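Q: from the sequence below, what's the structure:
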Amino acid sequence: MRKSEEGYTLLFVLVTLTVLSVLAVATIGISLQSTRLTEIRGTNIEVESAAQNELNQAVAALQQVVATTTGENPSSSSTQLFNDPTNQIILKLATAAPNVKVTLNEGASNVRVKAFDLTAQAEETKGDQPTVQKTYAQRVYLSAIPGFLYYILGSDNQVILNGAPRIQGNVFSRKPLEVSASPNFIYNGVKGTYTDKTARSYIDGQVKVFQPKDQPLLTCRDFITCDSTVFDPKVKTDVLATKDALVPFDFEFALNDFLALPSSTPLATLPAYLRNLPNEQLKQYPLDGPFLNELSTDKQLVQPGKLANNTVTITDDIVKATTEPLIIDGNLTISSLNPVDQPLEIKRPIVVLGNLLIRGNVSFATTMFSTGSSRLDDANIQGIASSSSQNTLILLSKGSLTINRVNKFSTPKTATPNMSAFLYSDDPKVNHIYSVGSTMNLQGGIFTRGSLEVNAYRGTLDLPENSFPQDVTALETLMQAKKSMDAEKSRLRLTYDASVLKNPTSMLPLSRAVQLYVETPKRLR
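A: Numbers count the residues shown, from 1 in each chain. I've put the predicted structure just below:
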């Protein structure tokens, strides 16, 4: 009996040892497998990181190339890069990032934007592991479209909002955005005083300020608390610090490109340079009187008549299909007496070697340059939706930009914009917009090199002419009585028009500086 028990005990011990051995072997196997998977996963991560690092190296090299087009003394330009992308971009990246394949994507490129596809492949084999190979691709864009065309309102200095405008779109300000509840205005030659803290600036979009995150992005007058509460609460207004400064627009470079002239042609000598060109390059067209009628589609230099006070006047349509600019050797006045539903039409590119004045009902589908000041005097400007070449007006003024409206105290038009245009002023001085007594409803954008001060009243100043206030004190009293918190009652309405970017890119002004846009890398395999 005892021997039998000892046999069972021995058998139990042997079975137990066998089970434990099997479990130990299984555990060791699982541990080894887990270790192997961890090593493979680590190799995968290392290979992915290596491929993405190669792409980062190529993008960094591309940033250095782009940097040559900016700064006070740029050594290159968008024209040089875009005219020879193989030598200026692809070969330079091949030297800086030899493991990255760079190809120009013709389908995604045009005369203002160049798209490049970057491809990086990395692989590694460790011990008895299978070879790990990863391929990543990344698309980058080089754009010579001026950055201000992406904003409804902006300044390469500072944007100042006085009063309560209604803004739909993004705003750019190099310095902190300044906000006040007190619009500036003058009535009958006397400066008025008005403050309404209940009507806040309505900005349905982002305000991008080129300041470090730890620096103030917003400054306020009239408001004790200077934060998001100074904006209309009905929409979300994000005030953001951005590292992407809008590169200052090179007016002379863009104008020379528009005229197909050497980029180094000085603005001061441009009129004389054009007058001395042979007739086969630029036809000279002296006028007998002040008025300009439709001409041929050739590039032409139009000279004012001797008794026209150095001014050419357009009162008839200029609609012949051509991309060749009409050059006015002096001042230009575009004056329309047409009704608002049958506006004067201007489709041809125009360069004014002087001051520009636009008044009346005019529709545009073109780009215009003015080397002097530009004034829009009670002008209702429309786009031409039926035009195949362009759908709006892009006006670039070397001098100041003035917008005068004489529809004072009328009810704001909320359905139809009375101005469809992108307006740019290269004047370093302060530019002003006034919409207190008058109203303005703009669809497009306004950008200035100098500070841009916006003054807007929100209320219902709709009066017959015989009921206009007698003096500024009476006007101030009326403004207080008729004020409103409703953004729809703002007498200045600005709405961004993204369709400008759908215009033929050859008609968009050319920026000397190139901006780099980078997509997120994508894994191919």
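Q: all helices in the stretch 1-150 of the chain, in order from the N-terminus.
A: Remark: helices assigned in the stretch 1-150 of the chain by DSSP state H, counting those that start in this stretch are 2-67, 78-83, 85, 91-96.
Q: lowest-confidence stretch among those?
A: Lowest mean pLDDT within the helices of the stretch 1-150 of the chain: helix 2-67, at a mean of 68.
Q: which residues of the stretch 351-500 of the chain score low on pLDDT?
A: Counting by pLDDT under 70, the ranges of the stretch 351-500 of the chain that qualify are 385-390, 406-407, 410-415.
Q: which stretches of it form helices?
A: Going by DSSP H, counting those that start in this stretch, the stretch 351-500 of the chain shows helices at 472-482.
Q: okay, now stretch 426-434: how far is its last residue from its first?
A: Stretch 426-434 has an end-to-end distance of 19 Å (C-alpha to C-alpha, to the nearest Å).
Q: quick one: contacts for the most centrally placed residue in the chain?
A: For the chain, the residue sitting closest to the mean C-alpha position, by C-alpha atoms, centre = their mean, is Y150 at 2.2 Å. Applying C-beta atoms under 8 Å, 6 or more residues apart in numbering to Y150 gives the contacts 170, 501. Glycine gets a C-beta too; all of them are placed from N, C-alpha and C.
Q: and Y141, what are its bridge partners?
A: Counting by DSSP bridges, Y141 forms beta bridges with A115, Y517.
Q: that one contacts D117, correct?
A: No - taking contacts as C-beta atoms under 8 Å, Y141 lies outside contact range of D117: 10.7 Å.
Q: just checking, L161 touches S201?
A: Yes - contact criterion C-beta under 8 Å: L161 and S201 qualify, at 4.9 Å.
Q: overlap in contacts, the two.
A: Taking C-beta under 8 Å, 6+ apart as the contact rule, L161 and S201 both touch V179.
Q: counting neighbours, what do you get for G71?
A: Residues lying near G71 (other C-beta atoms under 10 Å) number 11.
Q: and if you look at N83?
A: For N83, the count of nearby residues is 10 (other C-beta under 10 Å).
Q: how about the one 10 residues further on?
A: Neighbours of L93 under the rule other C-beta under 10 Å: 22.
Q: same deal with the one 4 residues further on?
A: The tally of other residues near A97 (other C-beta under 10 Å) stands at 22.
Q: swap in F364?
A: Other residues close to F364 by other C-beta under 10 Å number 29.
Q: so what's it closest to, chain neighbours aside?
A: L393 (3.5 Å; C-beta to C-beta, 6 or more residues apart in numbering).
Q: ok, P521 next?
A: With C-beta to C-beta, 6+ apart as the criterion, P521 has its nearest non-adjacent residue at 4.4 Å, and that residue is Q138.
Q: same deal with I384?
A: The nearest residue in space to I384 (C-beta to C-beta, 6+ apart) is A365, at 3.9 Å.
Q: state the distance from that neighbour to V319.
A: Distance of A365 to V319, given as C-beta to C-beta, to the nearest Å: 9 Å.
Q: return the distance of stretch 153-164 from the chain's centre.
A: Relative to the chain's own centre, stretch 153-164 is displaced by 15 Å; criterion: C-alpha atoms, centre = their mean, to the nearest Å.
Q: what sits closest to S373 if chain neighbours are left out?
A: G399 (3.6 Å).
Q: ugh, wrong one, I meant D227
A: Residue nearest to D227 in three dimensions, not counting chain neighbours: L218, with 7.2 Å by C-beta to C-beta, 6+ apart.
Q: can you check the pLDDT for that neighbour?
A: Reported pLDDT for L218: 95.
Q: what is the burial count for K306?
A: Neighbourhood size, K306 [other C-beta under 10 Å]: 11.
Q: quick one: the helices in the stretch 151-300 of the chain?
A: For the stretch 151-300 of the chain, applying DSSP H, counting those that start in this stretch gives helices covering 251-258, 270-275.
Q: buried set for the last one?
A: Residues of helix 270-275 classed as buried under the neighbour-count rule (16 or more other C-beta atoms under 10 Å) are 270-271, 274.
Q: would you reformat these as TSV and include pLDDT?
A: Putting these into TSV (pLDDT from 0 to 100) gives the following:
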residue	pLDDT
L270	95
P271	94
L274	95
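Q: which one of the residues you listed is nearest A97?
A: Distance ranking of those against A97, using C-beta to C-beta, places L270 first at 41.5 Å.
Q: excluding its backbone neighbours, what's nearest the closest one?
A: Take L270 and drop its neighbours on the chain: the residue closest to it by C-beta to C-beta, 6+ apart is L353, 6.8 Å away.
Q: ok, the nearest residue to A513 once chain neighbours are set aside - contacts?
A: Nearest residue to A513, sequence neighbours excluded (C-beta to C-beta, 6+ apart): V247, at 3.8 Å. By C-beta under 8 Å, 6+ apart, the contact list for V247 reads 70, 147, 511, 513, 515.
Q: the residues you listed: which two are farthest apart?
A: T70 and G147 (11.6 Å).
Q: ok, the residue nearest to I384 touching I381?
A: No - with contact defined as C-beta under 8 Å, A365 does not count as touching I381 (11.3 Å).
Q: okay, and the common contacts of these two?
A: Counting by C-beta under 8 Å, 6+ apart, the residues touching both A365 and I381 are L393.
Q: the more surrounded of the two?
A: Neighbour comparison, A365 and I381: the larger count goes to I381, with 26 against 23 (by other C-beta under 10 Å).
Q: so what's that one bridging to?
A: For I381, the beta-bridge partners are V362, M419 (DSSP bridges).
Q: list the contacts for T86?
A: Counting by C-beta under 8 Å, 6+ apart, T86 touches L104.
Q: what about K175, how many neighbours?
A: K175 has 18 nearby residues by other C-beta under 10 Å.
Q: brain fart, V312
A: Neighbour tally, V312, other C-beta under 10 Å: 24.
Q: how about it, what does it touch?
A: Going by C-beta under 8 Å, 6+ apart, V312 touches 287, 290-292, 302, 304, 328, 330-333.
Q: which pLDDT does the model give it?
A: In this model, V312 is scored at 93, pLDDT.
Q: please save the CA atoms from the helix or strand harbouring it in CSV.
A: Using DSSP states H and E, V312 sits within strand 311-314. Provided in CSV are the C-alpha atoms of strand 311-314 (Å, rounded to 0.1, in the frame of the first residue of the first chain):
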residue,chain,number,x,y,z
THR,A,311,-6.2,113.7,-68.2
VAL,A,312,-7.8,111.0,-70.3
THR,A,313,-11.5,110.5,-69.8
ILE,A,314,-13.4,107.3,-70.4
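Q: got any ranges where the stretch 201-350 of the chain has weak pLDDT?
A: Scanning the stretch 201-350 of the chain for pLDDT under 70 picks out 244-245.
Q: pretty sure F422 sits against I394.
A: Yes - between F422 and I394 there is a contact under C-beta under 8 Å: 4.8 Å.
Q: more neighbours: which of these two?
A: More crowded of F422 and I394, by other C-beta under 10 Å: F422, with 27 against 24.
Q: next, count neighbours for the residue lying closest to G354 once chain neighbours are set aside.
A: Spatial nearest neighbour of G354, excluding adjacent residues (C-beta to C-beta, 6+ apart): N331 at 4.0 Å. Neighbour count of N331, defined by other C-beta under 10 Å: 21.
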